[in-house]
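1. Sequence and computational prediction follow.
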Amino acid sequence: MADLTSNFLGIKSPNPFWLASAPPTDKAYNVVRAFKAGWGGVVWKTLGEAGPPVVNVNGPRYGAIYGADRRLLGLNNIELITDRPLEVNLREIKEVKRDWPDRAMIVSLMVPCEENAWKSILPLVEDTGADGIELNFGCPHGMSERGMGSAVGQVPEYIEMVTRWCKQYTRMPVIVKLTPNITDIRYPARAAARGGADAVSLINTISSITSVDLGSFSPEPSIDGKGSHGGYCGPAVKPIALNMVAEISRDAETAGLPISGIGGVTTWRDAAEFMALGAGTVQVCTAAMTYGFKIVEEMKSGLSQYLDDSGQSLNDLIGRAVPNVTDWQYLNLNYVTKARIDQDACINCGRCYAACEDTSHQAISMSEDRVFEVIDEECVACNLCVNVCPVEGCITMEELAAGVVDQRTGKTVSDDYANWTTHPNNPGAAQAAE
Amino acid sequence: MTNSPFTPGIAPARLDAGTLSENFGDLHAPLDAHEALVAADRCYFCHDAPCITACPTSIDIPLFIRQIATGTPEAAARTIFDQNILGGMCARVCPTETLCEEACVREKAEGKPVLIGQLQRYATDTLMAAGTHPYSRAASTGRKVAVVGAGPAGLACAHRLAMHGHDVDILDAREKGGGLNEYGIAAYKSVDGFAEAEVNWLLQIGGIRLLTGRALGRDVTLDELRSDYDAVFLGMGLSGVNALRADGEDRSGVSDAVGFIADLRQAGDLSALPVGRNVAVIGGGMTAVDAAVQSKLLGAENVTIVYRRGRDAMPASRYEQDLAASKGVRIIFNAMPVAVLGNGAATALRCEYTRAEGRSLVGTGETFDIPADQVLKAIGQALDGAPDGLVLDGGKIAVTGAGQTSAEGVWAGGDCATGGDDLTVTAVAEGRDAAEDIHAMLTNAG
C-alpha cells in the first residue's frame, strides 16, 4: 500500500482527499461522518461576518444534467455561504478539530472587502485551532451580487489586497480559491501570489443555467417560476478545471505555487490527473453529494494501487505532467498517426463511419457487410472515430515510424521535431539558423 | 377446482382460477417509463443500423429509441407505425431474438441486445392508450379494393389503401378480424384482448368496412370480387392443416394444435378448457411451442414436444425452446410419430428415432412410447381452397414484385403467398407493399 500521507503547506492529512467547502462541510455532523468515512480533510463551508446569517431560498437549490441512465454529470447550485450563526460554526470547528487532530481542517471565509472585516474574523478562526483558511473568491451566485465571492475573484487587485490583509493578520496558511468565471486564470493566480498567498485552490463553480422548463419557461432550479444562474460543478467541469490548474502550474510567475485541485473529481483517476498537473491535494464535493462519503475508499485504494503499480510516491506524481503541457505552436508537426480499427473488437455499429463521413474527412470505408476500414490516404488522425467508438480500445491511433510514407501527404515521415514556429507556411516563422 | 394435473384423461380445471390467471398473464410485463429510459439509453444509434435491415418492415429502430430516450414515445410510435401499422402486435409476437435483437450490435458486444421489442411495445402502447388514431385519409379517390382476410397482411394492406383515399372492404371467414393475431398466438403474448383492440384502433382511420363471416369460395368468388372492385388483395393465410399420416390418427384425443390455440384464445373461462394429463405435441415450429407451453400452463402433468430433426434445425428459436423448457415442457429431438396407441381414445404416442440420410430422414428402427391422452398436431398449415385461375408455387399463391399474382388486378401477401417467412411482421410488410403497388396502379390508371 502506497503512502498517501499528504503534507500541503505544512498541513498534514492522512490522504490528499479533502471535501471542498460546500454543503457536505456545513456542520459538525456531516464533517464527523466524513472523517469516519476516511476523508483526509475538509474545507469548512464558507463563514460570513458575525451577526444575522445569510438566508437561503426555500425552494430547490440544485439543478442537474444527466448522461445515459440518469448518471449525474453536472450539478448547479444557488446555495449561499453558511446560513448558520458564526459562533455555532466556530464552536463546532474547534470541537471537531480537537477530536480529529490528524485531519486537515481548513476554514473557508467570505466577508466584505474591508480591512476591518477580515481583521476581525481571522482571530476567531485562529482560535478554533484550524489548520488554515481558504478565501472564497469564487462563488458566482448570490454573494457576488453583494460584492463578494467571484466579484472579488474577477478583480486581480482585490484578490491581491485581501490576500495581503489575511497574511498580515493571521499566522494560518492562506489558500485563495479562484473563480473560473474569468477569461485568463493566470491573472487572478498571479495576484494571489503577489498578495502572499500560500496556495491557490480551483476551480470554484461556473456560472450556469442547467436547463429551462419547456412548460413553465422557468430556468431550473425554479423558484416560484423564476431562476437565477447558479454555480456549475461535477464531472462535466473537470476538463475546464484541469486546464486552469495546468495554466497556473506552468506560468512563470506562479510556477511552484501550491495548488489544491477542485472540479469534478469523482474517482481516484480524476484525482491523480489533477495531481499530475500540479495539485498537491484535491477537493471533492459533487461526487460525495451524488454517492455519499464512502467513495473515498475507492479513491484511496485506487490511487494507492496506481502509485504502487507505477512505482511512484505521491510526491513523484505531483506536477509530473506539467512539463508536457505546452503551447500549440510547439507541438511536433512531424508526429504522424493513423487510425487503426481492431476488426475483432469491432461490433459494426458504424458510428465511426457516420462521424467521419458526415462531419470529418471521409477516411473510413464501409463495405456491404459492414466492415469498416480506415483509408490512410484521407485519414488526418483527428481522433473523432476513437472518441465516438463505443468499444474502448477498438480504434486506436498508430504512430507512423520515421521513413514511412504518409499516404495522405505523400511525404516521408521524419523523426525530426518540427513545429509551427519554423513551418514555411507561418509568415512569422523564425528563419532557420544557417 | 375439481381436477388436478394428475386427473387421468382429458379434463378441465386442472388448476385453480388464480393459478390459471397468473399463468396466462403477460409473458413480459410492459416496461414502465423508467425501465424504458434505461433500456433506451443502451442504444448506440448505429449508422445504417443492422436492426433496421433485420426488420422485415424496416422500422427505423434507432430513431424510435432515441425518441423514447428524449421523452417523446408518441413520436417514437409514429416512426414505428409509419412502417408497420401493426407495430403493437409485432412488439409482442415478433421473434426479435432472430430478427432485430439478433442483429443488435450490443448482442455482438456483450450478448445482451437492446430490448427493441419491449421498447417498441412501450412506444406503441403509449400512443394507443390515448385512444386516438394518428393517421388521416387522403381525399377520396372513389376507387374500391377488396381485401380477403383480416389478418396482419390484409389489415396492413387495407390501412395503407385507406390512407391513400381508397375505399376498402375486408372479407374474413371468421367472426372476428385479426386473423392469427386473434386466433393463432399464445394467449400470454397478447393479453387483455389486445388483438381485437388493435383491429378497432386500426379501423379508426375510416374508409374500411370489415365484413366478417364472409369466406372466399363459399360466400363469394374471386371473379365476383374482380368485377365488383378495382383491385383485390388476397391475405387469407393458411387455413388447412397438414395430415400426420400415422396409424391411429383418428383416435379421440388427437387434434390440430391451431384449433387448440384458437379455442384457448377465444375461451371466456380457462378452467372450462379440457387438457390432457399427458400431452404430446408433434412439430417444431412456433405453433408447437405455443400449444405445448399452454398445455402445461393449463395444468397438464407431462407435456412433450416430438420433433423429427435436431435442435439446430428446429424452426422455433432457441429462445422459444428455452421458454418451453422453463415451463416444464420436454423436447424430444430426432424422433417421429409412427402410431397413436389406444383403445378408442389415445393413450400413448409411439415414436421412432430418426437419422438424416442425405437430405431425407429415415427411421432408425428403434421405437419408444410416450404416454399421451392428448396428441396435438403442429406439423404445418396449408393453403385451403386456392381460387381457380391463380398460379401456385409450392402450395402457395405465386407472386412477383410487390405481391402481384398471375391474375391481373389481384395481389396476394402473407402466409398464403410465396416469399418471406410465415411471420406476422413479414405479412405486414407484404400487405403494406402490395397496397403501395395497388395505389400506384390505381392512380396511374386513373
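-> Alright, I've got the coordinates.

2. Output the longest helix belonging to the chain.
-> Reading this off chain A. helix A:295-310 (DSSP state H).

3. wrong one, chain B
-> helix B:424-445.

4. ok, and for it, which residues are buried?
-> Buried positions in helix B:424-445, judged by neighbour count with 16 or more other C-beta atoms under 10 Å in any protein chain shown: B:424-435, B:437-439, B:441-442. (C-beta placed from N, C-alpha, C; glycine too.)

5. Tell me the residue of chain A that sits nearest chain B?
-> Closest contact between chain A and chain B, by C-beta to the nearest C-beta, is at A:Gly350 (3.2 Å).

6. so what's residue 226 up against?
-> By default, I'm working from chain A. A:Lys226 makes contact with A:Ser218, A:Pro219, according to C-beta atoms under 8 Å, 6 or more residues apart in numbering or on different chains.

7. please go with chain B instead
-> Each residue near B:Arg226 by C-beta under 8 Å, 6+ apart is listed here: B:Val232, B:Ala407, B:Gly409, B:Val410.

8. Can you tell me the SS state at it?
-> Assigned by DSSP: H, G, I helix; E, B strand; the rest coil, the conformation of B:Arg226 is helix.

9. re earlier: out of the contacts of B:Arg226, which two sit at the greatest distance?
-> Greatest spatial distance in these: B:Val232 and B:Ala407, 8.3 Å, computed using C-beta to C-beta.

10. anything in contact with each of those two?
-> Listed as contacting both B:Val232 and B:Ala407 by C-beta under 8 Å, 6+ apart are B:Leu222, B:Arg226.

11. More neighbours: the two, which one.
-> B:Val232 (24 against 19; other C-beta atoms under 10 Å in any protein chain shown).

12. if we can go back for a sec, counting by contacts, list what the longest helix of chain A packs against.
-> When contacts are defined as 3 or more C-beta pairs under 8 Å, 6 or more residues apart in numbering or on different chains; DSSP states H and E, helix A:295-310 packs onto strand A:17-19, helix A:28-37, helix A:268-276, strand A:279-284, helix A:286-291.

13. Looking at the ones you listed, spot the one closest to A:Ala197.
-> Of all the helices and strands packed on helix A:295-310, strand A:279-284 sits nearest to A:Ala197, with 13.7 Å by C-beta to C-beta.

14. Quick check: buried residues in the closest one?
-> Buried residues in strand A:279-284 (16+ other C-beta under 10 Å): A:Ala279, A:Gly280, A:Thr281, A:Val282, A:Gln283, A:Val284.

15. would you list the contacts of B:Arg226 in TSV and tack on distance to B:Glu249, secondary structure and pLDDT?
-> Output for the contacts of B:Arg226, formatted as TSV (distance: C-beta to C-beta, whole Å; DSSP: H, G, I helix; E, B strand; the rest coil; pLDDT from 0 to 100):
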residue	distance to B:Glu249	secondary structure	pLDDT
B:Val232	36	strand	98
B:Ala407	36	coil	96
B:Gly409	41	coil	96
B:Val410	36	strand	97
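
16. Helices along the stretch 51-200 of chain B, start to end?
-> Per DSSP state H, counting those that start in this stretch, the stretch 51-200 of chain B carries helices over the ranges B:61-69, B:73-83, B:87-93, B:100-103, B:105-110, B:116-129, B:152-163, B:180-183, B:194-203.

17. Can you show me the CA trace of the last one as PDB?
-> Only the C-alpha atoms of helix B:194-203 are listed here, as PDB (Å, rounded to 0.1, in the frame of the first residue of the first chain):
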ATOM      1  CA  PHE B 194     -55.100  -6.700 -27.500                       C
ATOM      2  CA  ALA B 195     -55.600  -8.200 -30.900                       C
ATOM      3  CA  GLU B 196     -59.200  -7.100 -31.100                       C
ATOM      4  CA  ALA B 197     -58.400  -3.600 -29.700                       C
ATOM      5  CA  GLU B 198     -55.700  -3.200 -32.200                       C
ATOM      6  CA  VAL B 199     -58.000  -4.000 -35.100                       C
ATOM      7  CA  ASN B 200     -60.500  -1.500 -33.800                       C
ATOM      8  CA  TRP B 201     -57.800   1.100 -33.400                       C
ATOM      9  CA  LEU B 202     -56.600   0.500 -36.900                       C
ATOM     10  CA  LEU B 203     -60.100   0.800 -38.400                       C
END
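
18. Report all helices and strands that it contacts.
-> Where contact means 3+ C-beta pairs under 8 Å, 6+ apart, helix B:194-203 is packed against helix B:87-93, helix B:116-129, helix B:152-163, helix B:180-183.

19. Of those helices, flag the one that's most buried.
-> Most buried of those, by mean neighbour count (mean count of other C-beta atoms under 10 Å in any protein chain shown): helix B:152-163, with a mean of 29.

20. Could I get the average pLDDT for that helix?
-> Averaging pLDDT along helix B:152-163 yields 98.

21. Where do the strands of the stretch 251-400 of chain A begin and end?
-> Per DSSP state E, counting those that start in this stretch, the stretch 251-400 of chain A carries strands over the ranges A:259-262, A:279-284, A:337-341, A:364-366, A:372-374, A:395-399.

22. Buried deepest among these, which one?
-> Using mean count of other C-beta under 10 Å, strand A:259-262 ranks as the most buried of these, with a mean of 30.

23. and that strand, which strands flank it?
-> According to DSSP bridges, strand A:259-262 forms sheet pairs with strand A:199-202 (parallel), strand A:279-284 (parallel).

24. By mean pLDDT, flag the weakest helix or strand of the chain.
-> Defaulting to chain A. When the helices and strands of chain A are scored by mean pLDDT, DSSP states H and E, helix A:150-153 comes last with a mean of 90.

25. Switch to chain B, please.
-> Ranking every helix and strand in chain B by mean pLDDT, DSSP H and E puts strand B:240-241 at the bottom, with a mean of 89.

26. any idea how far that strand is from the chain center?
-> Remark: strand B:240-241 is offset 15 Å from the chain centroid, using C-alpha atoms, centre = their mean, to the nearest Å.

27. neighbouring contacts of it?
-> The contact list for strand B:240-241 (C-beta under 8 Å, 6+ apart) reads B:Asp256, B:Val258, B:Lys377, B:Gly380, B:Gln381, B:Ala382, B:Leu383, B:Asp384, B:Gly385.
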